[in-house]
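Enquirer: Make a model of this:
(chains A and B)
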Number of protein chains: 2
Amino acid sequence: MNAPPKFLAEQAQVDEASVIPLPCSHKIHVTGSRPDLRVPMREIRQSDTPATFGAEPNPPLTVYDTSGPYSDPTVSIDIRAGLPSVRSCWIEERQDTEALNGPSSTYGQERLDNAALTEMRFKLQRTPRRALTGQNVSQMHYARRGIITPEMEYVAIRENCRREAQLDALKARGGNAERWLSAQHPGESLGASLPGQITPEFVRDEIARGRAILPANINHPEIEPMIIGRNFLVKINANIGNSALGSSIQEEVEKMTWAIRWGGDTVMDLSTGKNIHETREWIIRNSPVPIGTVPIYQALEKVDGKAEELTWEIYRDTLIEQAEQGVDYFTIHAGLRLAHIPLTAQRLTGIVSRGGSIMAKWCLSHHKENFLYTHFEDICAIMKAYDVSFSLGDGLRPGSIHDANDAAQFAELKTLGELTQIAWKHDVQTMIEGPGHVPMHRIRENMELQLSLCQEAPFYTLGPLTTDIAPGYDHITSAIGAAMIGWQGTAMLCYVTPKEHLGLPDKNDVKDGIMAYKIAAHAADLAKGHPGAQMRDNALSKARFEFRWDDQFNLGLDPDKAREFHDETLPQEGAKLAHFCSMCGPHFCAMKITQDVRDYASQIGVSSEQALDQGMAEKAQEFRAQGAELYRKV
Amino acid sequence: MNAPPKFLAEQAQVDEASVIPLPCSHKIHVTGSRPDLRVPMREIRQSDTPATFGAEPNPPLTVYDTSGPYSDPTVSIDIRAGLPSVRSCWIEERQDTEALNGPSSTYGQERLDNAALTEMRFKLQRTPRRALTGQNVSQMHYARRGIITPEMEYVAIRENCRREAQLDALKARGGNAERWLSAQHPGESLGASLPGQITPEFVRDEIARGRAILPANINHPEIEPMIIGRNFLVKINANIGNSALGSSIQEEVEKMTWAIRWGGDTVMDLSTGKNIHETREWIIRNSPVPIGTVPIYQALEKVDGKAEELTWEIYRDTLIEQAEQGVDYFTIHAGLRLAHIPLTAQRLTGIVSRGGSIMAKWCLSHHKENFLYTHFEDICAIMKAYDVSFSLGDGLRPGSIHDANDAAQFAELKTLGELTQIAWKHDVQTMIEGPGHVPMHRIRENMELQLSLCQEAPFYTLGPLTTDIAPGYDHITSAIGAAMIGWQGTAMLCYVTPKEHLGLPDKNDVKDGIMAYKIAAHAADLAKGHPGAQMRDNALSKARFEFRWDDQFNLGLDPDKAREFHDETLPQEGAKLAHFCSMCGPHFCAMKITQDVRDYASQIGVSSEQALDQGMAEKAQEFRAQGAELYRKV
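Expert: Prediction:
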């Protein structure tokens, strides 16, 4: 792999591909109870239904939007300056935090003092914040005190996605549009509670009881708040990050802006290579979505890769260093206990979690209990001072179908349940990581055990992959499992790219992973009966049926690809009005042939058998006279 | 789209890419009860487990193989001659058929007499066969008379895939290999019966009771017999075929050889463009897998695309024409009744089936009952004279999430159940086509209704797609539904390519569709607990854990892609021995770090808590002295 060019801060530029506006889309904002609370969404315009089908206008569709200011052509982006703050006022108003003089971690201060890093460092103009002594600044703490924060209100507006406003507009308009667009199969929520309208109070209650988390570090004021929980839209995470064998700061920021363009709800920076600290700063300052990390990676880098030399002190310093940069959630493998390790002896693929294997090695080297477990309450003290959420790591997740649902995996899950109770004692927001590789029929057991052992804390799974036999296609082997476990109640799905098991993902892989996981998450929302989820499917299918090709592309998850695939065989602009595509051609297009059945069938009425008896030849003549088209304008 | 070059029979060549042998693989044959009954399979060789992990040899893995003679370097291929016959002796021995003087269809004779077609025509050296008067030559007819045909024995051997021979070899060898490779999660078969060893008698019984079909037209002696049924391996179909807007005979034959290379169990030729008859001949003569068609397409071409001008006579002639070429199954939309059409009035996407829309238009033009329905027993008479199987078409399948599971769809399914009974009265093999677009929570209903209405006839679904919002990625939206409905009992899954809804698929799309559907089918086999299914997952995961990179690639569904993805970032040959890849690099590879836990943990024993009390420091010292590696050679 070629070494990337040297990264210089002053030359850093946003990825051009990430700032091209999405087609026929613009950013809208819904304002809440205060003028500085403006929730972004995306509105996709449609063309009118052609005369053949009834010549009606099609309302724009509002969809959830993770792309941040990047897709807004009215905003000028300079990644050297970072994104504007969304939340600083809200944080400061609470008057329970203070700005420090500088980083309070040893390592953070070392990096700042290192002149050699100046040319690549993000030029941050402020110092970190931290809770005032004795204060707890987590959203859960506020929620449990009955406080609805601006973040909670923001999230409620965001989750509703203007559903009621759109339905009201459709009703007012009359015609067919409301019927088609608002229709939805009742779901099978399997125990989830999905209210028609999300209120800020509902958000507060879900956070207070631990069933949802709102990851929002006080040092990441740039985020557009979002919520992770079973009773909200299923979310997805994209992993980025360099390794010793490749990638640069520029590429990593590009992966982030690319991931959120296509729908990543959070991004994890899993860097294990050079300049982890500086890379992360660039990412966080420019990310409108929550950022997660696995602090043990950087801790390991600090001891030159020798797991046995890790210490609690180094790790603690790393937590503070990262929390003060603004990391919103930490994956922490505190559930992997020394006693669990022998349970992996019969495994086919051992321990596949990087963090898990690092901690296992440390435990065996010292023959001591995992220090993340023994120091868990010390960790909680740090988390609550910045509002970092736990993502309790599944170090013993199965890395093969063979190892699925074994004793090691569930022993750790049980411990994660115990740790959840401790975290909640400190009002620290917590989600639970999950597998892995699991055949379809054993997925349900994972969901049910997690719900009961972890008292409904949000579940955050990696897939699961439903078979091992397709390296190169693991975004697909795992999208199957992810869709199923999302339906069953998993709150967030960590994506898998086609490069899984093979190498570091590039931008194309990031997009492929996102697409597979947006599909899985949305399929889950539909199955759960999430109110309003089916609106997008209805709008797209209506466009498809009416041969509004551009609308069909623009309403899809990937307008670029849909358009490209269509144009491979029918590139001429005229083809966008054609009532066929190259699949079947003009004579065989089922949708073309069926254009008139709706009208004719309703003339007949449902009792067409009676009509058959009465003047068949007459009816047939009439049909042919009208042009023998199956669906006609009413 | 550029017009393809003119096709000349004498210049026809096999696609080079399809005859490259798969890596480290060779074709093996298992001989049955007679020397001319030789069942092909593929054997994948593996390298030895390296010393670090115990230095043992890894047995070759036998896998099911659809690629025919193309992947066998000992066979020389000339597509102008077609494939050698597998079954001619077996057919002739039964002495219930005769060779005709020539095609008995009007159209077939016309094409043969047309001198302009000579230069493109496949040079067939024989005339069609047909049952002697009064004879029924379907596999179901033989099965019901208690006869086990060579085809049935062949299929039994094929389905077993040398499972017991492999297990015996592993037992004899001793060591770890048997434990790892033979392990399998007990499945949840949801009502399927999956015996450990498939016997020819079991095959006969399944066919006799209609729960499986063995599609094998007497005029397609080149096929390697296969079986479609709930109690056998889940199968997949690949669609190919030209359209008025593109593709040539050469390209279509290439799509077929490419589809079977990667795992297509059957192929449907859905051509709607030029020279449908001649294109099909080339495909069938060179196909080792059953070929399906939708005869109404060609019938429509014969009336210049005017559905209302179709007649039973034209259709009947088309059935005979195609049966005499050797088509193994016909999709026939006999269940779409006139009375059903008004039920589509409230649909969002009307009728999306080409064949369904054609028949609907005909019905409304004439205001008469569907002639495929009224002439159904006449069709049975033709089917049984050649052993063509029914694929009863779902002309009213839902083409959008909105339309899923509606009255139109299930009304047709009910009729298909009634028609199945009629077909079985004639001992005609029958499978039932299914949806479509169905959200996950409504898939089960489809399976259960079909099982009961159609008396367990095999179900053959198109996906289903679990959401509409991702044109460009419908191989993924549908792989999710296909995996689920395959688990629930669907016997064959019709693939969907990334080009679905957008254009005609090319070779790359064919492969992408095959991969997604091999994944879905195998995930379903695992969930059902199909005996031996997990062997391949185990072998691949073992290779992965032991850093046998080439073995990992070769054991996967797509060795080329896996290797290509790995080499993107680590191309050097030395990297194939590396105990890491570019995802994590040498210090962070979880599998590298965990190399010694197995040995150390078993030294501790499961009661590691006791070990903790007894000389912790001693144990720790010992671990570090041994090199601090988590998994070591026993």
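Enquirer: Pull the contacting residues for the residue most central in space within chain A.
Expert: Using Cα atoms, centre = their mean, the residue of chain A that lies closest to the mean C-alpha position is residue A:236, 2.5 Å off. Counting by Cβ atoms under 8 Å, 6 or more residues apart in numbering or on different chains, residue A:236 touches A:263, A:264, A:265, A:492, A:493, A:494, A:495, A:514, A:517, A:518, A:520, A:521. C-betas here are computed from N, CA, C, even on glycine.
Enquirer: likewise residue A:322?
Expert: Residue A:322 neighbours (Cβ under 8 Å, 6+ apart): A:280, A:293, A:295, A:298, A:330.
Enquirer: quick one: the first one and residue A:269 touch, right?
Expert: I take that to be residue A:280. Yes. Taking Cβ atoms under 8 Å as the definition, residue A:280 is a contact partner of residue A:269 at 5.4 Å.
Enquirer: so what sits against both of the two?
Expert: A:291, A:293.
Enquirer: Reformat the contacts of residue A:322 into TSV and put distance to residue B:458 and neighbour count next to each item.
Expert: Formatted as TSV, these follow (distance: Cβ to Cβ, whole Å; neighbours: other Cβ atoms under 10 Å in any protein chain shown):
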residue	distance to residue B:458	neighbour count
A:280	54	24
A:293	50	28
A:295	53	24
A:298	55	22
A:330	51	24
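Enquirer: out of those residues, which are inside helices?
Expert: A:280, A:295, A:298 (DSSP state H).
Enquirer: a markdown table for those residues, including pLDDT and distance to chain B?
Expert: Listed next are these as a markdown table, based on pLDDT from 0 to 100; distance: Cβ to the nearest Cβ, whole Å:
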| residue | pLDDT | distance to chain B |
| --- | --- | --- |
| A:280 | 97 | 16 |
| A:295 | 98 | 14 |
| A:298 | 95 | 11 |
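Enquirer: From the contact counts, what lies against the helix or strand where residue A:143 lies?
Expert: Residue A:143 is part of helix A:139-144 when elements are defined by DSSP states H and E. Under the contact criterion of 3 or more Cβ pairs under 8 Å, 6 or more residues apart in numbering or on different chains; DSSP states H and E, helix A:139-144 touches helix A:150-160, helix A:200-208.
Enquirer: what does the last one rub up against?
Expert: With Cβ under 8 Å, 6+ apart as the test, helix A:200-208 has contacts from A:139-140, A:143-144, A:146-148, A:152-153, A:155-156, A:159, A:195, A:212-214, A:227, A:229, A:231-232, A:429.
Enquirer: now with 6 Å?
Expert: A:139, A:140, A:143, A:144, A:148, A:152, A:153, A:155, A:156, A:212, A:214, A:229 (Cβ atoms under 6 Å, 6 or more residues apart in numbering or on different chains).
Enquirer: Okay, now the unreliable bits of chain A?
Expert: Residue ranges of chain A with pLDDT under 70: A:1-4, A:246, A:584-589, A:592-634.
Enquirer: and with 50 instead?
Expert: Low-confidence segments of chain A, defined by pLDDT under 50: A:1, A:606-617, A:632-634.
Enquirer: mind giving me the domain split of it?
Expert: If you go by the TED database, the domain ranges for chain A are A:200-533, A:582-633.
Enquirer: Can you say which of those is packed in most?
Expert: domain A:200-533 (a mean of 24; mean count of other Cβ atoms under 10 Å in any protein chain shown).
Enquirer: Helices of the stretch 151-300 of chain A, start to end?
Expert: A:163-173, A:177-182, A:200-208, A:249-262, A:276-285, A:295-302 (DSSP state H, counting those that start in this stretch).
Enquirer: right, I mislabeled it, should have said the stretch 1-150 of chain A
Expert: A:16-19, A:88-93, A:106-113, A:139-144, A:150-160.
Enquirer: what residues does the last one touch?
Expert: Contacts with helix A:150-160, where a contact means Cβ under 6 Å, 6+ apart, come from A:30, A:32, A:37, A:39, A:90, A:198-200, A:203-204, A:214, A:216, A:225, A:227, A:232.
Enquirer: Could you tell me the angle between that helix and helix A:163-173?
Expert: Interaxial angle, helix A:150-160 versus helix A:163-173 (axes from the mean of the first three to the mean of the last three Cα atoms, to 10 degrees): 40 degrees.
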